[in-house]
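**Student:** give the three-dimensional model of this entry:
(chains A and B)
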Amino acid sequence: MGASSSTESNLMASLQRNLSKIVVAPSFAASLFFVYGFILWTAWMAFSKSRMMPVYDWAGLRQYERLWQMERWHVAIENLLIFGGLFIVICLFLGCLLAVLLDQRIRAEGVLRTVFLYPMALSFIVTGTVWKWILNPGLGLEKMMHDLGWASFKFDWLVNSDFAIYTVVIAAVWQASGFVMAMFLAALRGVDQDIIRAAYMDGASLPRIYFGIIIPSIRPVFLSAIVVLAHLAVKSFDLVIALTGGGPGYSSDLPATFMYTMAFQRNQLGISAASAMMMLATVMAIIVPYLYSELRGGKKNG
Amino acid sequence: MADIQTYGQNSGMKHTLLRGLLYLVLILFSVYYLFPLFVMVTTSLKSLTEIREGSLISLPRVVTFDAWDYAWNQACVGVECSGIKTFFWNSVKMAIPAVLISTMLGALNGYALTKFRFRGANIIFAMLLFGCFVPFQVVLLPMSQTLGRLGIANSTTGLVLVHVVYGLCFTTLFFRNYYVSIPDELVKAATIDGAGFFTIFWRIILPISGPIIVVSVIWQFTQIWNDFLFGASFSSGDSAPMTVALNNIVNTTTGVKQYNVDMASALLTGLPTLLVYILAGKYFVRGLTAGSVKG
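**Tutor:** Residues are numbered from 1 along each chain as shown, chains lettered A, B, ... in the order given. This is a model prediction of the structure:
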């Protein structure tokens, strides 16, 4: 009896183990096809002669060469550097500042947190729409300042090809800085109270406690925030479309809008695929080392 | 928490002054964050003449809901002028199934990957996880061809599929991280009692999954409702979701620009996710951080 029931339970156990595999299999298959398969597919298109229609004749690096010869792509890359750099730095600064301010036993902290963070719940399209209205040179902020008596106030960045990309920074910072605040606030609350107390006993002032002890001890959060923000910046698409449409001309294009335009409006599938691969490479360069260290760190801790 | 009250050497006047300054700065920041919402609401309640005459920050002299009515029932999206309501329902029809399916699959995956671990489970998890970070531009072209071949291009079904597939990585991540912290003994004891894989899932795992289900549903709902890239790429005309319709309304160049209608449409697009945020903000934040910081 013992033997048969144990084989039975072995059978059950192996079925159970297989059930687990069977359950995961569809998702795994989907990700193999829709993520990994599609990446290879796009990679292949980037090596093909595809223009209006996908054709799969080998063209070597031709599409990449064409991509890098395009003035518009250079503008997109340059814009990404400007936008990404400013977006990350300002969000980190604002997020950290707000978190420290909120950390001072503020009355109505919950309300303020809600206020700082709600933009994150909105679609980038909504954000773009409202900022487009506010930054509208004829009726928005500029008119408001004129009405207030500041007649020489001029703010036409939205329609100025030299400055359009900065309006994207303004809207993006408004949207994402609250999220950075939330990350920092959570980290601040996790700092060891004993160290702070000890520093205080030694006569350190509050700013010194923050700059010397607290902020350095939440360094990992800076890293996480930078990774998340950089990732957001590379993927930024909706906001640009809604705010400037990539314009004037293509002066506020980012790689994401460039890729979309090439794919769906200019019928340059090969170039589009090549630009998508460049974006993937950028994200991988940021994410892979980060994930690697995070996962390894996770193992170390338990 | 380090704060002036506890660690401040500043007593009396100086202390009160500092606190006052602190609150002033915080209030100024609140004004900055609330300003666009204020502008959206007030502009949507004004008439066009009043918008031209008044300024950005003036309150509506006569409150009118005409712009809201117009946005909902008559605004032109492309050539169709039947308002944004069709597209609102498109988004609902897209978001509900996509959220439910991806959450359910995520729960099953997370459970299977942690409680009935098999060889390679971690590698499979890592491979799924990668999908969270792929810039979607890299899958756009193959996806549009695949949807075309499947015959579900330009349909809500197609968008549901897309959102389920790329939402899976996030939901699996949420549930996996949640279930990892649930003691294995719970499952082992039930196995000894003869409970099977699905019995354990229904009877033991699901009843304690409430908080993470809420996180997953909120995260997926906001992601899918707010999506624009997939909507713009894989839908057209009548099948477009709300965000695409909004962008169409705002960026049409024909006719007189109706800023009040634009703002009403933007608010209508933002309301569902704003409501979710106000009602369940705590879970929203948890989702944000879980989706960005790996555990």
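**Student:** let's test this: name the helix or strand in chain B with the lowest mean pLDDT.
**Tutor:** Counting by mean pLDDT, DSSP states H and E, chain B has its least confident helix or strand at helix B:4-7, which shows a mean of 56.
**Student:** touching chain A at all, whichever helix or strand comes after it?
**Tutor:** Sequence-wise, the next helix or strand downstream of helix B:4-7 (DSSP states H and E) is helix B:12-44. Yes: applying Cβ under 8 Å from any Cβ of the partner chain, one finds helix B:12-44 touching chain A at B:22-23, B:25-26, B:29-30, B:32-37, B:39-40, B:43. In this view, the C-beta of every residue, glycine as well, is placed from N, C-alpha and C.
**Student:** from those residues, which is closest to residue B:275?
**Tutor:** Closest approach between these and residue B:275, by Cβ to Cβ: residue B:37, at 13.5 Å.
**Student:** distance check, the closest one against residue B:267.
**Tutor:** For residue B:37, the distance to residue B:267 equals 9 Å [Cβ to Cβ, to the nearest Å].
**Student:** now stretch B:147-159: how far from the chain's centre is it?
**Tutor:** Taking Cα atoms, centre = their mean, to the nearest Å, the mean C-alpha location of stretch B:147-159 is offset from the chain mean by 22 Å.
**Student:** who touches it?
**Tutor:** Stretch B:147-159 has contacts (Cβ atoms under 8 Å, 6 or more residues apart in numbering or on different chains) with B:90, B:93-94, B:98, B:144, B:161-162, B:230-231, B:234-237, B:239, B:241.
**Student:** pLDDT score for residue 156?
**Tutor:** You didn't say which chain, so I picked chain A. At residue A:156, the model reports a pLDDT of 76.
**Student:** the chain in question should be chain B.
**Tutor:** With respect to pLDDT, residue B:156 scores 91.
**Student:** what of the one 10 residues further on?
**Tutor:** The predicted local distance difference test score for residue B:166 is 94.
**Student:** wait, it sits on residue B:131?
**Tutor:** Yes: counting by Cβ atoms under 8 Å, residue B:166 touches residue B:131, with 6.4 Å between them.
**Student:** okay, now the unreliable bits of the chain?
**Tutor:** Since no chain was named, I'll use chain A. A:1-6, A:12-13, A:16-17, A:297-302 (pLDDT under 70).
**Student:** that was the other one, I meant chain B.
**Tutor:** By pLDDT under 70, the low-scoring segments of chain B are B:1-11, B:253, B:290-295.
**Student:** and the one helix or strand residue B:274 maps to, anywhere near chain A?
**Tutor:** Assigned by DSSP H and E, residue B:274 belongs to helix B:259-292. Yes: using Cβ under 8 Å from any Cβ, helix B:259-292 reaches chain A at B:259, B:262-263, B:265-266, B:269-270, B:273-274, B:276-278, B:281, B:284-285, B:288-289, B:292.
**Student:** out of these, which end up buried?
**Tutor:** For these, a burial check counting by 16 or more other Cβ atoms under 10 Å in any protein chain shown picks out B:259, B:262-263, B:265-266, B:269-270, B:273-274, B:276-277, B:281, B:284-285, B:288-289, B:292.
**Student:** ok, back up a step: neighbour count winner among residue B:37 and residue B:267?
**Tutor:** Counted by other Cβ atoms under 10 Å in any protein chain shown, residue B:37 and residue B:267 do not tie: residue B:267 has more neighbours, with 23 against 17.
**Student:** mind checking how far the more buried one is from residue B:17?
**Tutor:** 40 Å.
**Student:** try residue A:232
**Tutor:** In this view, residue A:232 and residue B:17 are 38 Å apart by Cβ to Cβ.
**Student:** for these two, indicate the residue with more neighbours.
**Tutor:** Neighbour count, other Cβ under 10 Å: between residue A:232 and residue B:17, residue A:232 has more, with 20 against 11.
**Student:** excluding sequence neighbours, find me the nearest residue to that one.
**Tutor:** Nearest in space to residue A:232, with sequence neighbours left out and distances taken as Cβ to Cβ, 6 or more residues apart in numbering or on different chains, is residue A:176 at 6.4 Å.
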